[in-house]
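Visitor: Need the 3D shape of this:
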Amino acid sequence: MRRRACLFGLAALPLLAACSPKPGGKAMPPGSKVLALGDSITHGTGASPGEDWPSLLAARTGWQIENAGVPGDTTAGALQRLPDLLEQHRPALVIVELGGNDFLRRRPQAQVKEDLRRILQLIRAQGAQAVLVAVPELSLMALVASRPGDAPMYAELAGEEQVPLVAELLSEVLGRPEWRADQIHPNTAGYAALADGLAQGLQSLGLLAAP
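Guide: Presented below is the predicted three-dimensional model:
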């Protein structure tokens, strides 16, 4: 299968992104409806109100971003609530950040991957575009050493489903102690870095017009 997923690597901000070939994305104007589907990191745990990455990304883009992050949520839980969210908000784009709580609960990655696959398929079936954000693989040693890395299933799934993937961004943020509120959540600076990295990645995809 020809791989069309876009892989974004972050060594340091600003984000250095490469995508080849680039999916045919159309830049969404200010006011576009976007759904941020995720867990506590999308919710903004570890930061003050208004400093979560969906709020910061909305301020950078002018998009209407609905924060559908639920602390403690799993891929299975998000899959159950997604149909109502799509019906209620009718987004043009859904940014998916999920899997961390599944890893903490030791769910097999194969099961998490299939939940995410169904989420991506449901989003596209409703006529919206999907972007997948890779989540670090659970490794206490890696976090202590400040060298977390993405779970391999995200790149695999992005290739199989031909959806854009923002890779190594969250791993980079959680790998920097100065950007963490605790071992698994960013702080205010970390959420700002997430928003900056996502904005640059979405611009490279053609979904966000250059400033």
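
Visitor: Report the contact partners of the residue positioned nearest the centre of the chain.
Guide: The residue lying closest to the centre of the chain (Cα atoms, centre = their mean) is V133, at 2.9 Å. By Cβ atoms under 8 Å, 6 or more residues apart in numbering, V133 lies in contact with G38, I95, V96, E97, L165, V166, L169, L170, L198. Using the backbone N, CA and C atoms, a C-beta is placed for each residue, glycine as well.

Visitor: 10 Å instead, please
Guide: V133 is in contact with 8, 36-38, 41-42, 53, 95-99, 150, 154, 164-167, 169-170, 194, 197-198, 201, counting by Cβ atoms under 10 Å, 6 or more residues apart in numbering.

Visitor: And I65, by the same measure?
Guide: Residues near I65 by Cβ under 10 Å, 6+ apart: 32-36, 52-59, 89, 91, 93, 95.

Visitor: In helices only, show me these.
Guide: Secondary structure defined by DSSP state H assigns W53, P54, S55, L56, L57, A58, A59, H89 of the contacts of I65 to helices.

Visitor: Redo those residues as a markdown table? Include neighbour count and distance to Q126.
Guide: Formatted as a markdown table, the ones in helices among the contacts of I65 follow (neighbours: other Cβ atoms under 10 Å; distance: Cβ to Cβ, whole Å):
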| residue | neighbour count | distance to Q126 |
| --- | --- | --- |
| W53 | 33 | 23 |
| P54 | 26 | 19 |
| S55 | 18 | 24 |
| L56 | 23 | 26 |
| L57 | 24 | 21 |
| A58 | 19 | 21 |
| A59 | 13 | 26 |
| H89 | 17 | 10 |
